[in-house]
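Visitor: dropping a prediction and its sequence here:
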Amino acid sequence: MALVPTPTSNVNDPPLFAEVDMGADASAPTPTVRATVVQASTVFYDTPATLDKAERLLAEAASYGSQLVVFPEAFIGGYPRGSTFGVTIGSRSAKGREEFRKYHASAIDVPGPEVDRLAGMAGKYKVYLVMGVIERDGYTLYCTVLFFDSQGQYLGKHRKVMPTALERIIWGFGDGSTIPVFDTPIGKIGAAICWENRMPLLRTAMYAKGVEIYCAPTADSREVWQASMTHIALEGGCFVLSANQFCRRKDYPPPPEYVFSGTEDTLGSDSVVCPGGSVIISPSGTVLAGPNYEGEAIISADLDLGEVARAKFDFDVVGHYSRPEILSLIVKDHPMPPVSFTSVSQKAETSHKPVTGNLL
């Protein structure tokens, strides 16, 4: 069974759910995992309130038996939709710099107290948690996904390797050291964020690490996004869980504090600026739950992990369907710091160590 919100449900209202038969068989010999994607908006510029909202949503998902909960891109810290941060080629405005200061202040340190709280939530509700955040590392921000296990342990992070378009003026670039796939009792879990899901080599690296539950937090609500998610499920032979925010204009600060460039004059308080489209897709390309464009929602489905093996029998992109003598990939999975400090003793120890990547 899967639980999907009725069209009238709202995360601030008592939960209203309709039961939909997704064909799960409780007697099947392979394990079944109940997974949830959360479709909800950030409380922009208010990280403590966003954390409170995240806990309410997590508690609701757990009350329906969810074992894995995936939140949208930049849920903690916010996705600054519609903003230019006062940037034109060759100049930046004073207002834009102040906007960045506020955005920087809303981000979180990893590790840090907000990470500790998220870990505590995962342990309290006994769920695996995949959370989109804006990570603050000094004065550089990263669009990041954090992973937690059901015992309340922080597992690690993935930093978006390529911010899209104007995202590049506010977010740094991740490197190959944060492309993890975690082998957990409920399956092998990894994540790629928004348009980096369209990078074939990044996906291939994740497939080579054996990803079974492929999380895709995003800010893309277009119909064509669904085609990408279905393709990845088929290509990777994995479950795809895509979580997006559902946002109205009133979910952001009012002007002049926050301005949607070029469209502000046409937006009413209830105007939808991101309609969601969160979805869960099986390795066969079957849509298990969603896409939802109706409002904030909790969208769940039961994942029969036996579907992974059934799909790989048809097509294993890094197994029997690969041709490594023709096509291969090298992944540089070590950190790429801009500055390194090496003592005399460290120089002696490392001078004979080659830097290598992973051959896929």
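Guide: Looks like it came in fine. Residues are numbered from 1 along each chain as shown.
Visitor: neighbours around residue 224, how many?
Guide: As a burial measure, residue 224 scores 7 neighbours (other C-beta atoms under 10 Å). Just so you know, the C-beta spots here come from the backbone N, C-alpha and C atoms, and that holds for glycine as well.
Visitor: what is the mean pLDDT for the helix or strand containing it?
Guide: Taking DSSP states H and E as the criterion, residue 224 maps to helix 223-236. What helix 223-236 shows for mean pLDDT is 97.
Visitor: chain center to that helix: distance?
Guide: Mean-position distance between helix 223-236 and its chain equals 15 Å (C-alpha atoms, centre = their mean, to the nearest Å).
Visitor: same deal with stretch 114-125?
Guide: 17 Å.
Visitor: need the per-residue pLDDT for the spatially most central residue of the chain.
Guide: The centroid of the chain falls nearest to residue 217 when counting by C-alpha atoms, centre = their mean (2.9 Å). Listed pLDDT for residue 217 reads 98.
Visitor: numbering from 737 from now on, please.
Guide: All right, first residue 737 from here; so that's residue 953.
Visitor: wait, it touches residue 931, no?
Guide: No. Applying C-beta atoms under 8 Å as the test, residue 953 and residue 931 come out as separate, 11.6 Å apart.
Visitor: can you tell me how far the residue lying closest to residue 1004 once chain neighbours are set aside is from residue 971?
Guide: Computed as C-beta to C-beta, 6 or more residues apart in numbering, the closest residue to residue 1004 that is not its neighbour in sequence is residue 985, at 6.6 Å. According to C-beta to C-beta, to the nearest Å, residue 985 and residue 971 sit 36 Å apart.
Visitor: how about residue 781?
Guide: 38 Å.
Visitor: ditto for residue 945
Guide: Applying C-beta to C-beta, the value for residue 945 to residue 971 is 15 Å.
Visitor: tell me which element residue 784 is part of?
Guide: In the assignment (DSSP H and E), residue 784 maps to helix 783-799.
Visitor: list the buried ones in the helix or strand that that helix is followed by?
Guide: Note on helix 783-799: by DSSP H and E, the next helix or strand toward the C-terminus is strand 804-806. By neighbour count on 16 or more other C-beta atoms under 10 Å, the buried set for strand 804-806 is 804-806.
Visitor: for residue 793, give me its contacts.
Guide: 747, 774, 776, 805, 807, 1034 (C-beta atoms under 8 Å, 6 or more residues apart in numbering).
Visitor: what's the ChimeraX line that selects buried ones from those residues?
Guide: The following ChimeraX command selects only the buried members of the contacts of residue 793, with burial defined by 16+ other C-beta under 10 Å:
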select :747,774,776,805,807,1034
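Visitor: let me know the closest of the contacts of residue 793 to residue 1076.
Guide: Minimum distance to residue 1076 across the contacts of residue 793 is 34.0 Å, recorded for residue 807 (C-beta to C-beta).
Visitor: what angle sits between the helix or strand containing residue 772 and helix 783-799?
Guide: Using DSSP H and E, residue 772 sits within strand 768-775. Angle of strand 768-775 versus helix 783-799, following axes from the mean of the first three to the mean of the last three C-alpha atoms, to 10 degrees, is 150 degrees.
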